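**Student:** build me a model:
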Amino acid sequence: MKEYLGHSKNKYGIEEPLIDHLLEVAKLAEEFTSRWRNGLEGYATGMVHDLGKYSVLFQYVLRGKESNVDHATPGALAALKLNGVMGFAGGIAVEGHHGGLLSGAANELQNVDLKEGFSKRGKKYSVFNYDQIIDLFKKDGGVVTTGINSDYPSLYKQKEYAAAMLYVRMLFSALVDADYLATEAHFKRTSDKYLYRDRGEQLSAEYVVEKLLQYVEKIRMESKADLKVKKMRDEIFSYCLKAGEREQGIYTLTAPTGTGKTLAMLAFAAVHAEKYKLDRIIFVLPYLNIIEQTASEYETILNGLAQKPYVLQDHSLVETTEGDFSKLMAENWDAPVIVTTTVKFFEGLFSNRSTVCRRLHNLTRAVVLFDEAQTMPRDLVLPTLATLSYLNKKYNTTVVFSTATQPAYDDISEKISKYAACGWKPEEIVPSELELFEKSKRVRVTWPEDLHSGMPWNEIATALINEAQVCSIVNLKKHAKTLFSILNNYDPDSTFHISTNMCPAHRLSVLASVKQRLSAQKPCRLVSTQCIEAGVNLDFPVLYRAMAPLEAIIQAAGRCNRDGRAKFGRCIVFNPLLDGKMYPTSEYEHASNIVKRLLLEKGQLDIYSPDIIREYYKLLFEDIHVPDRLKESLEILDFEGVARNYRWIDNNNANLLVPYDDEKELFNKLAQEARENGINKAWERQARIISVGAWVKKGGQLYDIVEPVFFANSMAYKRKEESGWYILLDDKAYSKKIGLDPESGNIETIA
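**Tutor:** Reported below is the predicted structural model:
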């Protein structure tokens, strides 16, 4: 038995010699990084990652006699010792492989002195001399790996901050996934042979194309859409099939709402993956309601392709159990088709944590498709596009941005190139000669005559009452409640409300009722916030939209005359009477003011004109920049700082478990489990369907009618560590009509 161990005995009494663990991790890391032609760098990084375990102090850790020992930093310094500047990326990855990536700045790691005794994280170094662990490694039969080539030094020198950081994260991802897999295989084995988990199913792109064509033919026969709409959907699908043969690169798919982009994207991806022998197809969508619809459709198409799961859904509403193969696949995205959220995708792409970054290496040799691409926060555009551009250039990943309102990101390519030299130079999939937007004119928009004054809610309500079937979309939940209350007093049976004050189960139930009434030609008046603007298949003859950013107005119009049953639907844009806060964020207000500016200049705006959309985005991006804190973190290659400051959404809100009537049994069950045992990830996944996001303020009335719940881990539960979850105790604070009711308590909900 070797003197130095990598891990303690497993439950079968099998020890793991450290040299064996290093070899296993090195081989896996080499396999992963070979996909972007850096196999030797991956192998070298894997071989040094645990060199710090060649110490008496760390061996005491394995025997339970020591704790709080840093074995990673000595291994990181060994990477620099063996390969100089070419070992920087590997050293940074090794330093962070347990506690997370710290800094990518050259002097940070170079200036570490092991003789100081303690690391940045307050842990004792396992050794004081990295030469010592290299010597012990050699005596243990290890062979040092030198002569590697790394792109990191040149990216660092050229100040391509986003590209340099992605380079480290991808190597880090390969290392930590290899480490997790090899460690898991040791603890599962019953003999000297490592027992690895089954790999995910391999992508059979040819078969995906075949199944997709069969499915499209079926729904074409069943569709009740207007012939003109059907023809447009067929044209887009056909062009996407052909475009899949084009070179790997960055593409845009710009097509009107309701023209079948969901299936067309899959067509492009499948043909593209078949031609270039790619490993996976990844769909990134902004809203959970879109994800559920899209994933369900893709699962229907690909059902029966394999014994293992073919489509992996990785988002907060997915329910998995311990030992479920989908749960294992989600850890490193080891699946042929993945459907996830923009928040999960991008905050992972800019993370510094090993558990989150673990999946990133599986973005290589993939087609990544972003639906509703216009939803990207403006202050994150530059580093995000720079990172995606380098992902395409270095890692053989094709990127597609799909939307009806394609942002003019190519106009800011020069600004993007400051973070990654490749900039942003997409190609459009659908040719302009098709004139899709001209052909898809199904709605006539009426703009407000006076942009300086607003309509009172009573006047708006009167206009809605005069329509048998109408939808009104407003910007704030308080506006939705005000307008709904007036309409509800007039005709409660035909009036409906949707906002994120309602839990997902509640919203789905209301949508089902609305669709049923629309189909049956019964009176139906829906008041909603922006949450129905994307991915919700509604078809109203008339739609009212409060003044908003142009992309929001266009998305809203997509809920009007969607299937082209009438010659034209009517979309009326209105200015509500000023009443305090009018928009959810300052960015939203800024974009809305640009629409007003264009209206003042032009009188009317054609929402089907690509030129108008492009002009709008040019104005929107005139003063685009990176926020100071994020910019500073990027420019000093501070992985922790970037992860902290790169945020798509505000995470300070609490999650409220609400007593929605139709799911009262589930509410009672989850409330009891939380009180008796605390909560875990499985509990959270079940709870999402009956939860609402809200601020919980100390001293407010809401604080008095909610009960905090705590994590299930025994120590955490004893310490009463906050989980961010609360149980709503007052049934009256959750209404059957509007969900969480701010008037029932001092509830400040998320705008």
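**Student:** from Asp411, how far off is the closest residue to Asp493 other than its chain neighbours?
**Tutor:** In this structure, Asp493 finds its nearest non-sequential neighbour in Pro523, 8.0 Å apart by CB to CB, 6 or more residues apart in numbering. For the C-beta atoms, the positions are set from N, CA and C on the backbone; glycine is no exception. Counting by CB to CB, to the nearest Å, the gap from Pro523 to Asp411 is 46 Å.
**Student:** do the same with Gly122
**Tutor:** 47 Å.
**Student:** remind me which residues of this structure are low pLDDT?
**Tutor:** Along the chain, segments meeting pLDDT under 70 span 1-2, 288-290, 316-323, 650-652, 699-702, 714-721, 742-751.
**Student:** can I see the domain layout of it?
**Tutor:** 5-188, 248-257+277-434, 442-607, 654-749 (automatic domain parsing).
**Student:** can you tell me the SS state at Val709?
**Tutor:** Of the three states, Val709 takes strand according to DSSP: H, G, I helix; E, B strand; the rest coil.
**Student:** any idea how many residues pack against it?
**Tutor:** 26 (other CB atoms under 10 Å).
**Student:** return the distance of it relative to Arg675.
**Tutor:** 7 Å.
**Student:** again, but for Asn10
**Tutor:** Asn10 is 36 Å from Arg675, by CB to CB.
**Student:** who touches the host helix or strand of Ser238?
**Tutor:** Taking DSSP states H and E as the criterion, Ser238 maps to helix 227-243. Applying CB atoms under 8 Å, 6 or more residues apart in numbering, the external contacts of helix 227-243 come out as 216, 220, 223, 225, 251, 253, 255-256, 258-261, 263-265, 267-268, 271, 429-431, 434, 436, 439-440, 442, 563-564.
**Student:** may I have stretch 688-703 as PDB, with CA atoms only?
**Tutor:** Taking Å, rounded to 0.1, in the frame of the first residue of the first chain, the C-alpha atoms of stretch 688-703 are listed here in PDB:
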ATOM      1  CA  ARG A 688     -41.700  26.300  -6.800                       C
ATOM      2  CA  ILE A 689     -45.200  25.600  -8.300                       C
ATOM      3  CA  ILE A 690     -46.900  27.200  -5.300                       C
ATOM      4  CA  SER A 691     -44.400  30.000  -4.500                       C
ATOM      5  CA  VAL A 692     -44.300  33.700  -5.100                       C
ATOM      6  CA  GLY A 693     -41.300  36.000  -4.900                       C
ATOM      7  CA  ALA A 694     -41.600  39.000  -2.500                       C
ATOM      8  CA  TRP A 695     -39.600  41.200  -0.200                       C
ATOM      9  CA  VAL A 696     -40.000  40.300   3.500                       C
ATOM     10  CA  LYS A 697     -39.400  43.500   5.600                       C
ATOM     11  CA  LYS A 698     -38.800  43.400   9.300                       C
ATOM     12  CA  GLY A 699     -41.500  45.500  11.000                       C
ATOM     13  CA  GLY A 700     -43.900  45.300   8.100                       C
ATOM     14  CA  GLN A 701     -47.300  43.500   8.300                       C
ATOM     15  CA  LEU A 702     -46.000  40.700   6.000                       C
ATOM     16  CA  TYR A 703     -43.300  39.900   8.500                       C
END
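**Student:** which stretches of the stretch 551-700 of the chain form strands?
**Tutor:** With strands called from DSSP state E, counting those that start in this stretch, the stretch 551-700 of the chain shows them at 569-574, 654-657, 691-695.
**Student:** Arg358: which of those strands is closest?
**Tutor:** Proximity to Arg358 (CB to CB) singles out strand 654-657 among the strands of the stretch 551-700 of the chain, at 24.9 Å.
**Student:** so what are the sheet partners of the closest one and their directions?
**Tutor:** strand 691-695 (antiparallel), strand 722-728 (parallel) (DSSP bridges).
**Student:** wait, which of these is closest to Ile14?
**Tutor:** Per CB to CB, nearest to Ile14 of these: strand 722-728, 36.7 Å.
**Student:** how distant is the closest one from the center of its chain?
**Tutor:** Relative to its parent chain, strand 722-728 has a centroid offset of 23 Å by CA atoms, centre = their mean, to the nearest Å.
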